[in-house]
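A.B. asks: next comes the sequence, and after it the predicted model I'd like to discuss.
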Amino acid sequence: MPRWTCGIDGCDAAFDDVESAIVHQTNGHQRHECKVCGTIVPDGYFAIRHVFDEHTRAEFVRAYDADSAAVRRREEIKRDIEGEADLQSVIEQLDHTK
């Protein structure tokens with residue numbers, strides 16, 4: 001049974017490995033414009049990583065009208081992915097699809 005699902009806009013695509021899920025999110029969905037700074041990033045994991053690595057939690061809450069539960073959920077997703085993903089493999093896969 002696949003462990004990782006996409007989750008973007010109700011997408012229920014499922015994957016056995018997290019790297020495939022990230023590649024799907026990057027290639028299979030529209031880009032996301034950060035509401036804090038306007039940077040365009042792939043939706044999903046890369047959007048979460050961008051906002052929490054580049055901005056404060058308070059900026060995220062204000063820009064996205066989010067609450068503490070939304071912050072915790074995204075921090076959990078980021079932590080789970082980064083605990084398991086081979087991000088170098090993701091980058092290599094994305095480089096091969098250009």
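C.D. replies: Okay, I see it. No experiment lies behind these values; they were computed from the predicted model shown.
A.B. asks: quick check: His50 touching Thr39?
C.D. replies: Yes - with contact defined as Cβ atoms under 8 Å, His50 reaches Thr39; the gap is 6.6 Å. For the C-beta atoms, the positions are set from N, CA and C on the backbone; glycine is no exception.
A.B. asks: more neighbours, these two?
C.D. replies: Between His50 and Thr39, counting by other Cβ atoms under 10 Å, His50 is the more crowded of the two (18 against 14).
A.B. asks: just the strands in this protein please.
C.D. replies: 4-5, 14-15, 31-33, 40-42 (DSSP state E).
A.B. asks: packing partners for the second one?
C.D. replies: Counting contacts by 3 or more Cβ pairs under 8 Å, 6 or more residues apart in numbering; DSSP states H and E, strand 14-15 is packed against strand 4-5.
A.B. asks: paired strands for the strand it packs on, with orientation please.
C.D. replies: strand 14-15 (antiparallel) (DSSP bridges).
A.B. asks: give me the mean pLDDT for the partner strand.
C.D. replies: Computed over strand 14-15, the mean pLDDT rounds to 95.
A.B. asks: which outside residues touch it?
C.D. replies: Residues outside strand 14-15 that contact it (Cβ atoms under 8 Å, 6 or more residues apart in numbering): Pro2, Arg3, Trp4, Thr5, Cys6, Ala21, His24.
A.B. asks: how far is that strand from where the chain is centred?
C.D. replies: Between the centre of strand 14-15 and the centre of its host chain there is 15 Å, according to Cα atoms, centre = their mean, to the nearest Å.
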